[in-house]
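Trainee: Show me how the following folds:
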Amino acid sequence: GELDLPRAISDHNAPPSPVSCMRTLIDPRVSAQASAYAAQFAAGDPFRHVQIDGFFANDYLQQLLAEFPAFERGNARNEAGELAGKSVVERIRALGPAYAALDTLIQSPEFLALVATLTGIPDLLYDPHYFGGGTHENRAGQDLDPHVDFNRHSITGWHRRLNLIVYLNPEWEDAWGGSLELHSDPRRPDNRIRLITPLLNRAVIFETTEWSWHGFSRIALPPERSGLSRRSIALYFYTRERPTEELADPHSTIYVDRPLPAHLREGHTLSAEDMQTLRVLLARRDQHIQRLYRDAQSRDANLEQLRDLLRRSRLSRIAHWVRRLLGR
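Mentor: Residues are numbered from 1 along each chain as shown. Next up, the predicted model:
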């Protein structure tokens with residue numbers, strides 16, 4: 001049967017107590033084993049992270065699955081503004097009672113304290129804008145190049161500190177692509193990769209720093225699984241300050257293009273599949289370059305506007321003093 005969510009949440013009115021939300025929505029084993037998970041997070045390699053299986057209470061999980069939005073409901077445009085195979089719904093509260101309950105939960109002091117215990121990062125802040133977060137759905141053919149996330153919230157200026165992703169896929173295999181990759185440094189030949197299969201109710205919490213490289217390889221489903229997609233809920237958390245050694249100038253998401261497959265070397269005869277791989281890699285690189293050009297043009301335009309305002313301000317002051325002198 002359906003989860004008997006508190007009436008206040010079901011009606012989208014005043015929520016019940018955060019403590020009751022925690023007990024109803026999060027599997028109690030998460031809090032009971034918080035110290036062990038905190039140790040795993042601190043020892044995470046190639047950077048701090050923890051995997052928690054069975055994150056949501058089972059009845060509540062079924063409600064989240066039932067209310068997961070149709071692909072067509074989300075924003076399915078990529079960073080180049082083109083229609084693509086990824087759909088995102090950022091504002092999850094309107095998706096239904098289960099997602100409204102989740103929105104209530106993750107901004108509660110009790111939940112933020114639990115995440116702080118799991119990660120050792122205090123004073124965490126909920127993002128009411130869900131900037132970049134929410135429900136994510138990726139279809140076959142989609143991938144995500146290794147990257148580090150933007151480091152400051154575009155509206156509040158807060159420091160981005162943690163990603164919490166819960167996967168909603170009843171079946172998945174690493175051979176299909178789409179498994180989360182945590183990289184030590186994708187720009188180096190000795191790059192280490194930790195692979196995390198995006199299976200149902202598996203949560204991954206990882207720090208977001210200048211070295212928390214992550215992504216996933218292109219999804220290539222077998223014919224008998226062609227109707228599947230990669231589904232998840234992505235939640236991001238912030239703080240007003242961060243350790244000095246982690247500070248960096250504000251930046252948007254930084255990508256590293258995937259290298260050529262190892263078998264593409266001198267003497268190899270290109271197959272049709274090889275040619276498609278090259279087309280995808282070149283198109284992706286072009287998209288990243290175009291995005292950087294757009295960012296540079298936007299910054300140049302903003303800088304010119306500021307210069308124009310400064311010139312006008314100076315001329316206004318000069319005109320003011322000229323009028324005063326003429327008045328004498």
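
Trainee: Spell out the secondary structure type for Ser232.
Mentor: Three-state secondary structure (criterion: DSSP: H, G, I helix; E, B strand; the rest coil) places Ser232 in strand.

Trainee: looking at it, it is touching Tyr167, isn't it?
Mentor: Yes. Using Cβ atoms under 8 Å, Ser232 is in contact with Tyr167, at 4.9 Å. Every residue, glycine included, has its C-beta placed from N, CA and C.

Trainee: who has more neighbours, the two?
Mentor: Neighbour totals were compared for Ser232 and Tyr167, and Tyr167 leads with 24 against 20 (other Cβ atoms under 10 Å).

Trainee: could you check the distance from the closest residue to that one other than its chain neighbours over to Ala66?
Mentor: Distances taken as Cβ to Cβ, 6 or more residues apart in numbering place Pro198 nearest to Tyr167, at 3.9 Å, with adjacent residues excluded. Computed as Cβ to Cβ, to the nearest Å, the Pro198 to Ala66 distance reads 19 Å.

Trainee: who has more neighbours, these two?
Mentor: When Pro198 and Ala66 are compared on other Cβ under 10 Å, the one with more neighbours turns out to be Pro198, at 22 against 11.

Trainee: list the contacts for that one?
Mentor: Contacts were defined as Cβ atoms under 8 Å, 6 or more residues apart in numbering; by that measure Pro198 touches Tyr167, Asn169, Trp172, Gly178, Ser179, Leu180, Phe216, Arg230, Ser232.

Trainee: let's see it at 7 Å
Mentor: Applying Cβ atoms under 7 Å, 6 or more residues apart in numbering to Pro198 gives the contacts Tyr167, Asn169, Trp172, Gly178, Ser179, Leu180, Arg230, Ser232.

Trainee: Test for you: state the pLDDT assigned to the first one.
Mentor: Taken from the predicted model, the pLDDT recorded for Tyr167 is 98.

Trainee: Ok, the third one next?
Mentor: Trp172 is assigned a pLDDT of 98 by the prediction.

Trainee: Please enumerate the strands of this structure.
Mentor: With DSSP state E as the criterion, the chain has strands at 49-53, 75-77, 83-89, 125-126, 134-138, 144-148, 159-167, 180-183, 193-196, 202-207, 213-216, 230-239, 254-255.

Trainee: Worst mean pLDDT among those?
Mentor: Taking the mean pLDDT of the strands of the chain, strand 75-77 comes last: a mean of 80.

Trainee: Output the contacting helices and strands for it.
Mentor: With contacts defined as 3 or more Cβ pairs under 7 Å, 6 or more residues apart in numbering; DSSP states H and E, the packing partners of strand 75-77 are strand 83-89.
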